[in-house]
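> Predicted coordinates and the sequence they were generated for:
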Amino acid sequence: MTRILSFTPDVFFSLFEQYNLAIWPAQFLAYALGFIALLLVFRPFPQRDLIIGAILAAGWLWIGIVYHYLYFTQINFVAPVFAVLFVLQGLLFAWTLVLRGQVAFRFRPDVFGWTGLAFAAFAMVVYPLLGWLAGHAWPRSPAFGLTPCPTTIFTWGMLLLTQGRTPIHLTVIPLLWSVIGGSAAWLLAVPEDASLPVAAVIACVLIVWKNRLARREAFA
């Protein structure tokens, strides 16, 4: 593992501890925003789609700038590249969801809606529980909404909760990170990150299916 990475698992989890303590109590705000995004998919609230889009954009921008660039660069020389990817994804969310309003969010009781809710719940509840069971509890654990992996799983869930066609360009960077982050399950002993590639595969299959259905409905 030392030939592949320039840091050890202990250094990795120590960075999470440093990061979590430094940004406290931002974790509460991240969860509050996550719950707001989920509640809004059930209610026809004014500016619902704009608010959800802003939440997703803010999460990816924060992680890119604060986590990757200001913290992860301390132990990983590739972190600036990760920072650029996350900032780019945040800007894509801001452009597509907030500025242009091209996507609508809505829960529908079908395979896409239920899977989207399951992914979001997994990111917020099950993911940290798995980390605790694996022996890296707070504050030496990835925080929802403020670190890459649980936020990516939550993002897959929200993309499945879009109404009609899901823009494919919004899935490219989450898919890339699902592969990169998923490697931590083996390289850094973060077993909960094994869920990342699994979620990505399921989400991509469902998004392709959902987009085909939306295309058929548009031409029907």
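Thanks, I have it. Residues are numbered from 1 along each chain as shown.
> what's the spacing between G90 and P25?
For G90, the distance to P25 equals 22 Å [CB to CB, to the nearest Å]. For every residue, glycine as well, the C-beta is placed using N, CA and C.
> These two - which one has more neighbours?
Taking other CB atoms under 10 Å, G90 and P25 do not tie; G90 has more neighbours (21 against 7).
> Now do the end-to-end distance for stretch 186-196.
Start-to-end span of stretch 186-196 (CA to CA, to the nearest Å) is 12 Å.
> Confidence-wise, which helix or strand of this structure is lowest on average?
Using mean pLDDT, DSSP states H and E, helix 184-187 stands out as the lowest-scoring helix or strand of the chain, at a mean of 85.
> Now find how far off-centre it is within its chain.
Remark: helix 184-187 is offset 18 Å from the chain centroid, using CA atoms, centre = their mean, to the nearest Å.
> For that helix, list every residue counted as buried.
184-185 (16 or more other CB atoms under 10 Å).
> continuing past it, what's the next helix or strand?
As assigned by DSSP states H and E, the chain's next helix or strand after helix 184-187 is helix 195-219.
> okay, now F35: neighbour count?
Neighbours of F35 under the rule other CB under 10 Å: 12.
> Roughly how far does the residue lying closest to it once chain neighbours are set aside sit from A79?
Nearest residue to F35 in three dimensions, chain neighbours excluded: M124, at 8.0 Å (CB to CB, 6 or more residues apart in numbering). Look at M124 and A79: by CB to CB, they are 25 Å apart.
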